[in-house]
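Participant: Fold the following, please.
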Amino acid sequence: MRAMRLQLLSDLHLETEIYTPIPAPDAELLVLAGDIDTRWEALSLFQDWPVPVLMVAGNHEFDGRELDEAWPALQAHCEALGIHLLEQRSLILTGDDGRRIRFCGTVRWSDFDLFGASQRDRALRAAAYFQRLMNSRWRGAAFDAAAVREAGLGCRAWLETVLSEPPQDRWDATCVITHFAPSLRSADPRFGKQPGTASFCCADDDLIERADLWLHGHLHCRHDYSVPRAGRPPARVVCQARGLARKGEAEGWDGLRVFSV
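Facilitator: Residues are numbered from 1 along each chain as shown. Below is the predicted model:
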């Protein structure tokens with residue numbers, strides 16, 4: 001079966017972690033799924049990478065920043081390095097096999113509806129802790145849990161729209177890239193189903209089946225699972241986060257692993 005080969009890196013946290021990324025020999029594309037470096041300095045490691053580099057930002061790319069100022073600055077920084085930053089934007093690339101793959105990327109901030117509207121307030125209260133640590137601002141005010149939800153609803157609306165578009169012979173497969181996870185199935189098994197999990201996973205299970213491959217980060221663990229689709233091959237969800245070595249999260253992680261779409 002023909003397929004495009006992707007190397008996936010996320011949650012490297014190079015602001016504190018020591019790790020030197022190496023190109024996977026047989027990859028056609030590198031995908032960065034966020035939380036690479038809060039300082040943005042380590043993004044220079046991906047300049048002159050031997051294959052195209054796509055990136056979605058993670059929450060920690062905005063630590064201590066004003067989002068309205070940070071977005072254009074990060075975009076300009078990535079452009080200067082030859083990195084394609086995707087935020088509510090799609091890009092079609094042609095693989096070595098001639099197939100055209102549509103990549104749809106966004107942070108996909110949480111809307112805290114992972115456990116339904118009845119549990120939203122609990123999830124928002126739990127998120128307050130993470131937002132205080134992030135210490136960011138948006139539209140002149142604190143980027144608190146309510147603001148994250150507003151941003152997340154915008155991401156969700158964009159995904160619903162773009163994943164409803166018919167290919168019309170423009171692409172052969174769709175790969176979604178988000179930082180936040182699209183399903184409770186991606187929850188970190190160390191923490192399970194608790195209100196804070198809604199700060200990491202979204203209830204986008206209904207959207208997964210519209211993609212062929214969904215790549216994400218944010219959870220400091222690895223996932224690779226399938227979602228059945230009627231009359232079509234299953235959709236695949238992959239998280240290839242490295243995490244923090246000092247917490248043992250990088251144990252068994254393979255930065256050269258390649259995935260196909």
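Participant: Distance from the lengthiest helix in the chain to the middle of the chain?
Facilitator: In the chain, with assignment by DSSP state H, the single longest helix is helix 145-162. Remark: helix 145-162 is offset 14 Å from the chain centroid, using C-alpha atoms, centre = their mean, to the nearest Å.
Participant: Contacts for that helix next, please.
Facilitator: 67, 88, 90, 104, 106-112, 124-125, 127-128, 131, 138-139, 141, 176, 178, 180, 202, 204, 207 (C-beta atoms under 8 Å, 6 or more residues apart in numbering). For every residue, glycine as well, the C-beta is placed using N, CA and C.
Participant: how about 7 Å then?
Facilitator: Helix 145-162 has contacts (C-beta atoms under 7 Å, 6 or more residues apart in numbering) with 88, 90, 104, 106-112, 124, 127-128, 131, 138, 141, 204, 207.
Participant: hang on, residue 203 packs against residue 114?
Facilitator: Yes: counting by C-beta atoms under 7 Å, residue 114 is a contact partner of residue 203 at 5.1 Å.
Participant: more neighbours, these two?
Facilitator: residue 114 (23 against 18; other C-beta atoms under 10 Å).
Participant: which is the next helix or strand following the longest helix of the chain?
Facilitator: strand 173-178 (DSSP states H and E).
Participant: just checking, what packs against that following strand?
Facilitator: For strand 173-178, the contact count by 3 or more C-beta pairs under 7 Å, 6 or more residues apart in numbering; DSSP states H and E identifies strand 100-106, strand 213-216 as packing neighbours.
Participant: Now it: buried residues?
Facilitator: Residues of strand 173-178 classed as buried: 173-178 (neighbour count, 16 or more other C-beta atoms under 10 Å).
Participant: got the angle for that strand vs strand 100-106?
Facilitator: Put simply, strand 173-178 runs at 20 degrees to strand 100-106, going by axes from the mean of the first three to the mean of the last three C-alpha atoms, to 10 degrees.
Participant: Please list the outside residues in contact with strand 173-178.
Facilitator: 31, 33, 54, 56, 86, 99, 101-108, 211-216, 261.
Participant: Return a PyMOL selection command for the buried portion of those.
Facilitator: Buried residues among the contacts of strand 173-178 (16+ other C-beta under 10 Å), as a PyMOL selection:
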select buried, resi 31+33+54+56+86+101+102+103+104+105+106+107+108+211+212+213+214+215+216+261
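Participant: Any figure for the gap between residue 131 and residue 66?
Facilitator: According to C-beta to C-beta, to the nearest Å, residue 131 stands 14 Å off from residue 66.
Participant: Can you pull the phi/psi pair for the residue nearest to residue 164 when sequence neighbours are not counted?
Facilitator: Excluding its sequence neighbours, the residue lying closest to residue 164 (C-beta to C-beta, 6 or more residues apart in numbering) is residue 210, at 7.4 Å. Backbone dihedrals for residue 210, given as degrees, to the nearest 10, come out at phi -90, psi -10.
Participant: what about residue 210, how many neighbours?
Facilitator: Residues lying near residue 210 (other C-beta under 10 Å) number 19.
Participant: Buried ones in stretch 6-21, by neighbour count?
Facilitator: Within stretch 6-21, the residues that count as buried by 16+ other C-beta under 10 Å are 6-14, 17, 19, 21.
Participant: I meant to write stretch 189-197 there.
Facilitator: Buried residues in stretch 189-197, counting neighbours by 16+ other C-beta under 10 Å, are found at 195, 197.
Participant: and that stretch, C-alpha only, in CSV?
Facilitator: C-alpha atoms of stretch 189-197 as CSV (Å, rounded to 0.1, in the frame of the first residue of the first chain):
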residue,chain,number,x,y,z
PRO,A,189,-3.2,6.3,32.2
ARG,A,190,-1.4,7.8,35.2
PHE,A,191,-4.2,10.2,35.8
GLY,A,192,-7.3,8.7,34.1
LYS,A,193,-10.7,10.3,34.2
GLN,A,194,-10.4,13.3,36.5
PRO,A,195,-11.5,16.9,35.9
GLY,A,196,-7.9,18.0,35.0
THR,A,197,-7.9,15.5,32.1
